[in-house]
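**Q** let me see the structure of the following:
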Amino acid sequence: MSRDPDRPLLLPCNPCPHESACCTWGTPLTDAEAALLGASFGTASITWDPREGEWRTAVVAGACFFLKDNSCSIHDDQGYPSVCAGFPWAPDESEVDICPELLTGKRPEIDALFDPETKKLRVMLPPSQRSTSTMPRRRRA
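**A** This next block holds a predicted model:
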């Protein structure tokens, strides 16, 4: 039986069974995302990484500043980082080592999208087929 291509692939991200492993290091931000998050949540929520030459969400106590109770506190906010929204479907940010749920054999339809040797995404899914949460997103008013 083949997968319905119009149905998004869902990861078991809410709540995460791996204590939000993908949120351990914070996430890269565009300049616009950093400005919005800094203005909305204070400068302690973001940090400049001189080694990478990029803005990132701050890491506090070993996790992203916005991780609260194993869940992203800004998931439905307009400042939700694009890297987070695209993970793990964005090739540049899709390293399997970031998410222990990938390439485990539990989700063959997802594992098939990754190269087991390089642990990188083999193909780019259309946005309509990407989803990182089993929970429906709320629509903004």
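**Q** from here on, just use CA atoms for contacts and neighbour counts.
**A** Fine.
**Q** any idea which helix is longest in this structure?
**A** Criterion DSSP state H: the longest helix present in the chain is helix 31-41.
**Q** report the buried residues of that one.
**A** Neighbour-count burial for helix 31-41 flags 33-35, 37-38 (criterion: 16 or more other Cα atoms under 10 Å).
**Q** okay if I get those residues as JSON lines plus distance to residue 46?
**A** Below are these laid out as JSON lines (distance: Cα to Cα, whole Å):
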{"residue": "33", "distance to residue 46": "10"}
{"residue": "34", "distance to residue 46": "7"}
{"residue": "35", "distance to residue 46": "9"}
{"residue": "37", "distance to residue 46": "7"}
{"residue": "38", "distance to residue 46": "6"}
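**Q** domain-wise, how is this protein divided?
**A** 21-85, 87-130 (automatic domain parsing).
**Q** kindly report which one of those carries the lowest mean pLDDT.
**A** Within the domains of the chain, confidence is poorest for domain 87-130, with a mean of 69 (mean pLDDT).
**Q** rewinding a little: what does the following helix or strand past the longest helix of the chain contact?
**A** Next helix or strand after helix 31-41 toward the C-terminus (DSSP states H and E): strand 46-49. Outside strand 46-49, the residues that touch it by Cα atoms under 8 Å, 6 or more residues apart in numbering are 34, 37-38, 54-58, 65.
**Q** ok, now with 6 Å
**A** With contact meaning Cα atoms under 6 Å, 6 or more residues apart in numbering, strand 46-49 is reached by 54-58.
**Q** could you identify which of these has the most neighbours?
**A** residue 57 (27 neighbours; other Cα atoms under 10 Å).
**Q** next, it: phi, psi?
**A** phi -70, psi 140 (degrees, to the nearest 10).
**Q** great, nothing more from me.
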